[in-house]
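Colleague: Coordinates only, no sequence provided:
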């Protein structure tokens, strides 16, 4: 490791540097906090030792400057016996550990070993995260669709706050991806991101999963358990499909949102949390409130920042970029970097309704990349636009209504056109009129 020693006593700097070098690491020194700050700006270090008494400088202030500059740098503070309280204050401000003067080489080696172990652990976590990223394509968080662009703008402006966020939209539209992105853009990004799937457990187990329980709280509770709220401390708790949350648990979630308080099952102690709540559902929560399956006060408490993720069939402008992104990702996984879609395949991608949204598009393209034997993906590897058998075979003079004839004609134009503007131009109408006709005829739901 590369270690920086910050102390105004030359003897401490020298002896510490010798001990660090004897342990197989590189040591550099600075005799003041400001010189240390300059060194840290110019070079990368793995560890810093900092004296809390640097002449006229306040070591705690220097510590805060270092942590602002590099929050992940471990800082070990030097302290004399009389200033152990200052060492505790330093730990509260982000110090990794403290070393009491006078110290022995063995004490120093123990701290070096702990830092090395933590760095190896962090490196392993980074490796695992990279492996996860390689297994999952990154969803492009920009959109050419005005409605989706507005949604992203609202989400990312709300991300740095602690406001609760409610994500509404069909299954497969990317709600969990957006929740994670909000977390990454928040002040809690260094904290955990914890997901709870509300429909996955019974009411009793879900309550324990959320809030935890003490031994003996219910049959089978053989030990104390911390719940997901505690696990998400200083981070984000993502409640997926909150529309399925049982009514009995909803008051407790409301209390968590309003007062930041909760209790474990079987325990009378009130606990507080600074966890940020993001919820998502594919249900119409207003309809759930009307049907008395979702509390009205909880709905309004969640509705501080509420956005609707539009279905993929309404984001025609984004289909090509999403499809090409998935094509490139799965192509790289198989070592096929020259893949492309045929013109007819791209037309089918644009015209297909994608009821499963981004999830269905992803799975379809993964399958096509696996099965295609050439570098060009043809339409035969994509779902047929007449998949549900409802396409109208309508020709001029056929025994069909004018509405059916118009819908069939518009459907075929949409299949061939590169975008809505192009289709509107072919049809001789403006894009707004085409959009309304497409909605009225439910061409977003039928081929």
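Modeller: Arrived safely, thanks for sending. This structure is a prediction, so every number in the text was calculated from the model and none was measured.
Colleague: how about the helices of the stretch 201-350 of the chain, start to end?
Modeller: Along the stretch 201-350 of the chain, counting by DSSP state H, counting those that start in this stretch, helices occupy 203-211, 228-231, 250-259, 285-290, 296-302, 316-333, 343-351.
Colleague: Look up the pLDDT of residue 135 for me, please.
Modeller: Here the pLDDT value assigned to residue 135 is 62.
Colleague: Which of the residues in stretch 244-260 are classified as buried?
Modeller: 244, 245, 249, 250, 252, 253, 254, 256, 257 (16 or more other C-beta atoms under 10 Å). C-betas here are computed from N, CA, C, even on glycine.
Colleague: first to last residue in it, what's the distance?
Modeller: 22 Å (C-alpha to C-alpha, to the nearest Å).
Colleague: Would you mind checking the average pLDDT for it?
Modeller: Averaged across stretch 244-260, pLDDT comes to 93.
Colleague: quick one: which of the helices of the stretch 201-350 of the chain is nearest residue 433?
Modeller: Closest to residue 433 of the helices of the stretch 201-350 of the chain, according to C-beta to C-beta: helix 316-333, at 15.7 Å.
Colleague: List the residues that contact the closest residue in space to residue 199 that isn't next to it in sequence.
Modeller: Nearest residue to residue 199 in three dimensions, chain neighbours excluded: residue 244, at 4.0 Å (C-beta to C-beta, 6 or more residues apart in numbering). Contact partners of residue 244, counting by C-beta atoms under 8 Å, 6 or more residues apart in numbering, are 198, 199, 281, 283.
Colleague: related to what we said a few turns ago, from the buried residues of stretch 244-260, which single one is nearest residue 435?
Modeller: residue 244 (33.0 Å).
Colleague: roughly how far apart are that closest one and residue 122?
Modeller: According to C-beta to C-beta, to the nearest Å, residue 244 and residue 122 sit 36 Å apart.
Colleague: just residue 100 next, same as before
Modeller: When residue 100 is compared with residue 122 (using C-beta to C-beta), they lie 26 Å apart.
Colleague: Who has more neighbours out of those two?
Modeller: residue 100 (14 against 11; other C-beta atoms under 10 Å).
Colleague: which stretch of helix or strand covers the more buried one?
Modeller: strand 97-101 (DSSP states H and E).
Colleague: Give the burial count for residue 322, as a bare number.
Modeller: 22.
Colleague: Looking at it now. What's its pLDDT?
Modeller: 93.
Colleague: what do you get for residue 297?
Modeller: 95.
Colleague: contacting residues for the residue lying closest to it once chain neighbours are set aside?
Modeller: Nearest residue to residue 297, sequence neighbours excluded (C-beta to C-beta, 6+ apart): residue 254, at 6.1 Å. Residue 254 sits next to 295, 297, 298, 301 when contact means C-beta under 8 Å, 6+ apart.
Colleague: roughly how far apart are the residue nearest to residue 199 and residue 288?
Modeller: 10 Å.
Colleague: what does residue 128 give?
Modeller: 38 Å.
Colleague: ditto for residue 304
Modeller: According to C-beta to C-beta, residue 304 and residue 288 sit 18 Å apart.
Colleague: so which strand or helix has residue 412?
Modeller: helix 402-416.
Colleague: Report the angle between that helix and helix 316-333.
Modeller: With axes from the mean of the first three to the mean of the last three C-alpha atoms, to 10 degrees applied, the angle from helix 402-416 to helix 316-333 works out at 40 degrees.
Colleague: Give me the buried stretch members for helix 402-416, please.
Modeller: Residues of helix 402-416 classed as buried: 405, 407, 408, 410, 411, 413, 414, 415 (neighbour count, 16+ other C-beta under 10 Å).
Colleague: Brilliant, that's me finished.
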